[in-house]
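Undergrad: kindly return the folded structure for what I paste below:
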Amino acid sequence: MAEAEDLADAVAREITPANTQDTYAKSWRVWERFTTAQGFPRNEGTRGSLVAFVMWMLREGQQNDNGYAPSSASTILAGVVVGLRERGCAVNREDQAAARKSLDGLAVRLLQEGERRGRGQAAAAEVPDLYRVVRVCPDTLAGARDKALILTGFYYASRAQDPAGLLAGDVALTPRGMVVSVLTGKTKHSVRDAKINYQDDPEICPVEAWKVYRARLAAEAPPPWSEPTAPAFVGIDRHGNVTGGMVPDSVTRAVKRISGRAGVHLAWTGHSLRIGLATTARKRGKDAVTIADQGGWARHSRSMNGYFQRVDGWEDNATAGLI
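TA: Next comes the predicted model:
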């Protein structure tokens, strides 16, 4: 039975996405700092300790002694509960609910006191921004990679982990465009085949950008980097040498760097391309189901509908066209 339990734990770790595992690990490190500072038992998640943890996170939880944003504190709390249960500590549902109720109340108190924490909603990439980006990409292998990363990512609504998980063989060219097979799913892995059409303007056509990037990679990098089993998007140093496959953090840094180089007014984050596809398609009158299928959202996704509200909140607005 003990071996079966170990096997079950190993399977659970194997099927949990890497970014989720990373979130759990970071959350647990915050909990370790809290329990050490407060002298609390590390493997006990009582009502009192969880409520105290929430208060500590909002007051001084960051390593620079500043408080976390409530949204970050909520994510960390969820990760700690998972960590406690993995370590054999039974966390009572009522105790967890009490901690969340305290977090919600304290978040309201912060707003009432004029504190605005966190970055807020990520900026959406828009079509004029895509033109700015591609026009300042240098005529190098890295520049071709940047252009392909941004344009393909916009058209299949990528998160930062999506291009990092792609292999070259996951991208297929067709007479009408390209198909990107994206590994997705937070609670289970699945693959969605995102079809991307050739665009009327080749300057911001993701298919053309992908073809140019792959041709340069084949010409300028060792042959193994062009194999179907190699990463679709690779890191490139300042000398033009391939350093390995990109990971989610390097994709996020690249998106920020690329938008900064282009002078995009609202700085992009790793989610900006994803939001950009949703809002742009909505402006163009695309059906919500079509957008959901392209971006891998559930068809009644709250997050997707929240992105739509950025558009709908202006178009269907009580103040519009009154005079």
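Undergrad: ok, now which ones touch Leu106?
TA: The neighbourhood of Leu106, defined by CB atoms under 8 Å, 6 or more residues apart in numbering, consists of 54-55, 58, 70. Just so you know, the C-beta spots here come from the backbone N, C-alpha and C atoms, and that holds for glycine as well.
Undergrad: which of these lies closest to Ala288?
TA: If you rank those by distance to Ala288 using CB to CB, Pro70 comes first, at 29.0 Å.
Undergrad: Arg29 versus that closest one, what's the distance?
TA: Applying CB to CB, to the nearest Å, the value for Pro70 to Arg29 is 19 Å.
Undergrad: ok, Asn241 next?
TA: Per CB to CB, Asn241 is found 34 Å from Arg29.
Undergrad: same deal with Val82?
TA: Taking CB to CB, one finds Val82 at 14 Å from Arg29.
Undergrad: more neighbours: the two, which one.
TA: Val82 (17 against 14; other CB atoms under 10 Å).
Undergrad: now what about stretch 127-141, what contacts it?
TA: Residues contacting stretch 127-141 (CB under 8 Å, 6+ apart): 143-144, 146-147, 150-151, 154, 203-204, 209, 213, 216-217, 220-221, 236, 240, 258-259, 261-264, 268, 276, 280.
Undergrad: at 6 Å what do you get?
TA: For stretch 127-141, the external contacting residues (CB atoms under 6 Å, 6 or more residues apart in numbering) are 143, 146-147, 150, 204, 216, 220, 236, 240, 258, 261-262, 264.
Undergrad: in CSV: those, plus neighbour count, distance to Ser250 and secondary structure.
TA: Converted to CSV, the contacts of stretch 127-141 look like this (neighbours: other CB atoms under 10 Å; distance: CB to CB, whole Å; DSSP: H, G, I helix; E, B strand; the rest coil):
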residue, neighbour count, distance to Ser250, secondary structure
Gly143, 19, 16, helix
Asp146, 26, 12, helix
Lys147, 26, 17, helix
Ile150, 30, 14, helix
Ile204, 20, 23, helix
Arg216, 19, 19, helix
Glu220, 15, 19, helix
Ile236, 22, 11, strand
Gly240, 12, 17, coil
Ile258, 21, 12, helix
Arg261, 15, 16, helix
Ala262, 20, 19, helix
Val264, 20, 19, coil
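Undergrad: ok, back up a step: tell me which two of the contacts of Leu106 sit farthest apart.
TA: Within those, two members stand farthest from each other by CB to CB: Met55 and Pro70, at 11.9 Å.
Undergrad: neighbour-wise, which of those two wins?
TA: Neighbour count, other CB under 10 Å: between Met55 and Pro70, Pro70 has more, with 21 against 17.
Undergrad: what about the closest residue to that one other than its chain neighbours, how many residues close to it?
TA: Distances taken as CB to CB, 6 or more residues apart in numbering place Ala107 nearest to Pro70, at 3.7 Å, with adjacent residues excluded. Using other CB under 10 Å, Ala107 has 19 neighbouring residues.
Undergrad: before we move on, what about Pro223?
TA: Counted with other CB under 10 Å, Pro223 comes out at 8.
Undergrad: repeat that for Val251.
TA: When neighbours are counted by other CB under 10 Å, Val251 registers 24.
Undergrad: touching, it and Ala164? I think so.
TA: Yes - using CB atoms under 6 Å, Val251 is in contact with Ala164, at 5.1 Å.
Undergrad: buried sites along stretch 208-215?
TA: 208-210, 213-214 (16 or more other CB atoms under 10 Å).
Undergrad: so how far is the helix or strand hosting Arg132 off the chain centroid?
TA: Here Arg132 sits within helix 127-136, counting by DSSP states H and E. Taking the mean of its C-alpha atoms, helix 127-136 sits 21 Å from the chain's own mean (CA atoms, centre = their mean, to the nearest Å).
Undergrad: strands of the stretch 151-300 of the chain, start to end?
TA: Along the stretch 151-300 of the chain, counting by DSSP state E, counting those that start in this stretch, strands occupy 171-174, 177-184, 190-197, 234-236, 242-245.
Undergrad: equivalent analysis for the stretch 1-150 of the chain, please.
TA: Under DSSP E, counting those that start in this stretch, the stretch 1-150 of the chain gives no strands.
Undergrad: low-confidence ranges, it, go.
TA: 1-19, 116-121 (pLDDT under 70).
Undergrad: mind putting the buried residues of stretch 208-215 into a markdown table with distance to Val311 and pLDDT?
TA: A markdown table is the format used below for these (distance: CB to CB, whole Å; pLDDT from 0 to 100):
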| residue | distance to Val311 | pLDDT |
| --- | --- | --- |
| Glu208 | 28 | 98 |
| Ala209 | 26 | 98 |
| Trp210 | 28 | 98 |
| Tyr213 | 31 | 98 |
| Arg214 | 34 | 98 |
